[in-house]
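J.: Sequence plus predicted model, see below.
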Amino acid sequence: MSLLEVDALSKHFGGVTAVDGCSLSLQLGSITGLIGPNGSGKTTVFNLITGFIARDTGDVRFKGESITGLGPNRIYGLGIGRTFQLARIFPRLTALENMLVPVRRSGVRALFSRGQWHDEKDRAMEMLAAMDISHVAGLLGGSLSYGQRKLLELAAVMMARPQLVLLDEPAGGVNPALVERIGEHILELNRQGVSFLLVEHNMPFVMGLCQQIVVLHRGAVLAEGTPAEIRGNPAVLDAYLGS
Amino acid sequence: MSSPARVRAVKLGALLIVAVVALLVPVFETDPATVNVAVFTAMYVGLATAWNIMGGYTGYVSLGHAAFFGFGAYAFGLVLAHLGIQAGYEPFLFVPIAGALTVVLALLIGWIALRTRAATFVIVTIAMMFMIQLLAENLVGLTGGGSGLSFPVPPWSGDFFDTPFYYAMLLMAAISLAISWWIRRSKFGLGLLAIRDDEDKALAVGVPAHTYKLTAFVISAGLVGMIGAIYGYYVTYIYPQYAIDPLVGISLVLMVFLGGLGTLWGPVLGAVILEPA
Ligand SMILES: Nc1ncnc2c1ncn2[C@@H]1O[C@H](COP(=O)(O)OP(=O)(O)OP(=O)(O)O)[C@@H](O)[C@H]1O
Ligand SMILES: [Mg+2]
């Protein structure tokens, strides 16, 4: 079954065509890679799917229903989480508080529930422990190292149990040992049933994690296939070297 | 060893002492000039605390809260006049109505102002304050325009005159503090702090930022409106430049910044230091 369907999505910024009729389909339970040269529109596709920017044309369907036009918080509520290319956490909240923000409490109930419920707190601590960062739970987000922020952002986005998570360069800017650990965390979460769409420039990392890879070039899909097929595709190599 | 419990006990003790001292001010201090300062100090503690719910927790700095203060005073005066309420203690019962009317105004203003962020929001709040002031001046039939609006004159005299107002202001300060404390430890409050830190990120993890900001704005404005209502009755006579005074809005922002933005007790500290000075 297809979990997410992106249909002929386009986005222009003034004269720049950032996304140009991009279509892709994600299978439930899969890890799909979205790769392409710098400026090929990967982050813009993420912003379009998650409601951060409005599309010009096209449609996005999640579990068969159109989510086009919904705001980012609604889309997260439906079960699509995301991380940012440069890890973003709340700098003046503690790591634990960072974990508790994403837990949903709608409407008036938000006013009448404690910021830190015990069961939520336990779950947050478990998640932090799973990412090996439980020792920073009480520290302010702003005092964490970049690698710790990356892990915290990934852990926090999982708190509302999203079914699909879009990761924008999860291995970007972190040391090789940590890259490996992040890969393991993603695989573990995937085993628990979470699907991923991930943007990444680290090719061994993408090729190792993903069953399916989509190559974006100038905002359009250039190629699609298994890691082996993508590696052997001359057009992909051209796109990377040519542009 | 049980240090969190001890910290808690010390905090509670300090709170109790502050509360007792505050409650006893009019008993031990009968000089009207001093009690008058106490009334305004309690007023600013309430105002700064209410302002902080929006400005401190969400980081949206409103320089136009004087509009809600003045609007609350006007609404209260008009309600008392229309219902024919006599001077005395009875008017205090109608303060929440002034608060409710201010909430309606804040919903309308917030709905528009909160579509903007940062500096633009600050400017929009200033603009809407002058708009409200202009309305107060020009809706002569309703507000009395430049010649002002008078309240029933409180029947108390001499040494006792300020006392009921002091306790009314103190009660509003306590209510504002209780609400601020409640919000600070709620899921809603955590969402507000997340918005302050990074609004787009907050949206990305499901915080309904617009609703949250509007709710904080409206709560903050409603409290300020009620305090403005008591103020109107205290001074018994208001006119636009006096009730909707930009300096009021600016000084409570200063108090919060001085005492500690986004903290529970910062606004109290700032008001107590700055107001008598
Ligand atoms: N908000 C914006 N305003 C104007 N142009 C934009 C905006 N966002 C992206 N672009 C442009 O759209 C194109 C695609 O950008 P995008 O960030 O989606 O690329 P990317 O594939 O994520 O690149 P990278 O690998 O460097 O992160 C680029 O030319 C970029 O300059
Ligand atoms: Mg990008």
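T.: Looks like it arrived, so ask away. Residues are numbered from 1 along each chain as shown, chains lettered A, B, ... in the order given. Ligands and ions are numbered 1, 2, ... in the order given.
J.: Can you tell me which residues in chain A are near ligand 1?
T.: Within chain A, the positions near ligand 1 by Cβ under 6 Å from any ligand atom are A:F13, A:V16, A:A18, A:G36, A:N38, A:G39, A:S40, A:G41, A:K42, A:T43, A:T44, A:Q85. In short, each C-beta sits where N, CA and C put it, glycine included.
J.: May I have the phi/psi pair for the first one?
T.: Read that as A:F13. The phi/psi pair for A:F13 (degrees, to the nearest 10) reads phi -110, psi 100.
J.: now the fifth one
T.: With angles defined as degrees, to the nearest 10, A:N38 shows backbone torsions of phi -50, psi 140.
J.: How about the second one?
T.: Summarising the backbone geometry of A:V16 under the convention degrees, to the nearest 10, its torsions are phi -90, psi 130.
J.: measure it to ligand 2 for me?
T.: In this view, A:V16 and ligand 2 are 14 Å apart by Cβ to the ion, to the nearest Å.
J.: That residue bridge partners, please.
T.: Judged by DSSP bridges, the bridge partners of A:V16 are A:F13.
J.: count of residues packed around it?
T.: Neighbour count for A:V16, taken as other Cβ atoms under 10 Å in any protein chain shown: 11.
J.: Could you do the fourth one as well?
T.: With neighbours defined by other Cβ under 10 Å, the count for A:G36 comes to 25.
J.: Kindly report the same for the fifth one.
T.: A:N38 sits with 8 neighbouring residues when counted by other Cβ under 10 Å.
J.: Check B:L24 too.
T.: Here the number of neighbours of B:L24 (other Cβ under 10 Å) works out to 10.
J.: ditto for A:G147
T.: There are 18 residues near A:G147, going by other Cβ under 10 Å.
J.: List the contacts of it.
T.: Counting by Cβ atoms under 8 Å, 6 or more residues apart in numbering or on different chains, A:G147 touches A:V174, A:N175, A:L178.
J.: Against A:L151, how distant is the last one?
T.: Noted for A:L178: a distance of 8 Å to A:L151, by Cβ to Cβ, to the nearest Å.
J.: where are the low-confidence patches of chain A?
T.: Chain A contains residues with pLDDT under 70 at A:1, A:104-118, A:242-243.
J.: Which parts of it are helices?
T.: Under the criterion DSSP state H, chain A contains helices at A:42-49, A:72-78, A:95-100, A:118-130, A:146-157, A:176-191, A:203-209, A:227-231, A:234-242.
J.: angle of the fourth one against helix A:176-191?
T.: With axes from the mean of the first three to the mean of the last three Cα atoms, to 10 degrees as the basis, helix A:118-130 and helix A:176-191 are set at 130 degrees to each other.
J.: So which other helices or strands are in contact with helix A:118-130?
T.: helix A:95-100, helix A:146-157 (3 or more Cβ pairs under 8 Å, 6 or more residues apart in numbering or on different chains; DSSP states H and E).
J.: Could you single out the most deeply buried of those?
T.: Of the helices and strands packed on helix A:118-130, the one with the most neighbours on average (mean count of other Cβ atoms under 10 Å in any protein chain shown) is helix A:95-100, at a mean of 25.
J.: Show me what that one is in contact with.
T.: Helix A:95-100 is touched from outside by A:89-90, A:115-116, A:120-121, A:124-125, A:127-128, A:133, A:136-141, A:144, A:148, A:152, A:155-156, A:159, B:187, B:190, B:193, with contacts defined as Cβ under 8 Å, 6+ apart.
J.: same thing but 7 Å
T.: A:89-90, A:115-116, A:120, A:124, A:127-128, A:133, A:136-139, A:141, A:144, A:152, A:155-156, A:159, B:190 (Cβ atoms under 7 Å, 6 or more residues apart in numbering or on different chains).
J.: likewise stretch B:216-229?
T.: With Cβ under 7 Å, 6+ apart as the contact definition, stretch B:216-229 has outside contacts at B:43, B:46-47, B:50-51, B:53-54, B:57-58, B:65, B:68-73, B:76, B:95-96, B:98-99, B:102-103, B:106-107, B:110, B:114, B:172, B:176, B:179, B:192.
J.: hang on, the earlier thing: please list only the buried members of the contacts of A:G147.
T.: Listed as buried from the contacts of A:G147 are A:V174, A:L178; burial here means 16 or more other Cβ atoms under 10 Å in any protein chain shown.
J.: returning to that earlier point: what's the ChimeraX line that selects buried ones from the contacts of stretch B:216-229?
T.: Applying 16+ other Cβ under 10 Å to the contacts of stretch B:216-229, the buried members can be selected in ChimeraX as follows:
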select /B:43,46,47,50,51,53,54,57,58,65,68,69,70,71,72,73,76,95,98,99,102,103,106,110,114,172,176,179,192
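J.: which ones among the contacts of stretch B:216-229 are found in helices?
T.: B:43, B:46-47, B:50-51, B:53-54, B:68-73, B:76, B:95-96, B:98-99, B:102-103, B:106-107, B:110, B:172, B:176, B:179, B:192.
J.: quick revisit: right, so of the helices and strands packed on helix A:118-130, which gets closest to ligand 2?
T.: The minimum distance between ligand 2 and the helices and strands packed on helix A:118-130 falls on helix A:146-157, with 15.2 Å, by Cβ to the ion.
J.: for the nearest residue to A:M203 once chain neighbours are set aside, which residues make a bridge with it?
T.: Distances taken as Cβ to Cβ, 6 or more residues apart in numbering or on different chains place A:I35 nearest to A:M203, at 7.7 Å, with adjacent residues excluded. Here A:I35 sits in beta bridges with A:V215, as judged by DSSP bridges.
J.: State the number of residues packed around A:I35.
T.: 26.
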